[in-house]
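**Student:** here is the input, now give the coordinates:
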Amino acid sequence: MANEAHLLQLKEGVDAWNQWREATPDTLPDLEGANLNQMSLNSINFQDVNLNHASLIGTELDFANLIEASLVNANMSGIDLKDADLSRANLTQANLLGAYLSGANFTQANLSHATLQRADLTGANLTSAILVKAVLIGSDLNRADLTGADLSEADLSRSELGRSKLTRADFTGAILNEARLIGAEMSEADMTNVDLRGARLNRANLSDTLLIGAWFSGTTLLGARLNRATLSGINLRDTNLSGANLTDANLRGANLNDANLSNATMPDGTVRD
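**Tutor:** Below you'll find the model as predicted:
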C-alpha cells in the first residue's frame, strides 16, 4: 500500500516532488500499488522509489530517473520511458507491453519474466541486463546494446535486432525464430540450444559464437562471419550460408546437406564455387 503522504506530495507536481526529494535525501518514497495511469511525470526523480505493483499504464516518464527503483509486477503497458534511466532497476515480471523505451538505460536492470511484447527498445542500453524468460515477441531492438546481457530462455520471436550489439550475450535456450538480426554484432555470444528457424542473420558477426544444439531451418546467414564459431553436430540443412566466412569454424558432425554454400569460405580457407 502506497504511503498517503508520498502520494499527496506527488500530486503537487514534478518540480515540487524533485525539490522535496533533494531536501529529504534519506526518505525512500513508497508508492507501492499506486495508480499513476496516464500521468505526465517527465524528468521526475523516482530513484530508489518503491513502485512494486503500481499501475503506470500510458504514463509519460521521458528522461525520468528510475535508478535502482523497484517495479516488480508493475503494469507499465504503453508507458513512455524515452531516454529514462532505469539502471539497476528491478522490473521482474513487469508488464511493458507496447512500451516506448527508445534510448532508455537498462544497464544491469532485472527484467526477468517481464513482458516486452511489441515494445520499442531502439537504441536502448541493456548492457549486462537480466532478461531471463522475458517475452520480447515482435519487439524493436534495432541498434540496442545488449552486451553481456542474460537472455536465456527469452522469447524474441519476430523481433528486430538489426545492428544491435550482442557481444558475450547469453541466449541459451532462447527463441529467435523469424527474428531479424541483420548486421548484428554477436561475437562470443552463447547460443546453445537457440531456436533460429527462419531467422535472418545476413552480415551478422558470429565470430567465436557457441551454437551447439542451435535449431536452423530456413535460416539465412548470407555474408555472415562465423570465424571460429562452434557448430559441431548442428543440422544446417537448407540453411543459406552464401558468402559466409567459416574460417576455423568447428563443423565436426554438422549436416550441410542442401545448404547453400556458394562463395562461402570454409574452415580450411577454401572458397566454395
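
**Student:** show me the contacts for Glu160.
**Tutor:** Ser139, Asp140, Leu141, Asn142, Ala179, Arg180 (CB atoms under 8 Å, 6 or more residues apart in numbering). In this view, the C-beta of every residue, glycine as well, is placed from N, C-alpha and C.

**Student:** now do 10 Å
**Tutor:** 120-122, 138-144, 179-182 (CB atoms under 10 Å, 6 or more residues apart in numbering).

**Student:** closest one of these to Val49?
**Tutor:** Leu121 (22.3 Å; CB to CB).

**Student:** surely the closest one meets Asn142?
**Tutor:** Yes: if you go by CB atoms under 10 Å, Leu121 and Asn142 touch, sitting 8.4 Å apart.

**Student:** point out where the stretch 101-250 of the chain drops to low pLDDT.
**Tutor:** Counting by pLDDT under 70, the stretch 101-250 of the chain shows no low-confidence range.

**Student:** okay, now Gly198: neighbour count?
**Tutor:** Per other CB atoms under 10 Å, the neighbour tally for Gly198 reads 17.

**Student:** can you tell me the SS state at it?
**Tutor:** coil (DSSP: H, G, I helix; E, B strand; the rest coil).

**Student:** thought Ile175 was touching it, still the case?
**Tutor:** No: between Gly198 and Ile175 there is no contact under CB under 10 Å: 11.2 Å.

**Student:** which residues do these two both contact?
**Tutor:** Shared contacts of Gly198 and Ile175, counting by CB under 10 Å, 6+ apart, come down to Ser157, Arg158.

**Student:** how close does the residue nearest to Ser152 when sequence neighbours are not counted get to Asn257?
**Tutor:** Nearest non-adjacent residue to Ser152, counting by CB to CB, 6 or more residues apart in numbering: Thr172, 4.3 Å away. Using CB to CB, to the nearest Å, Thr172 is found at 27 Å from Asn257.
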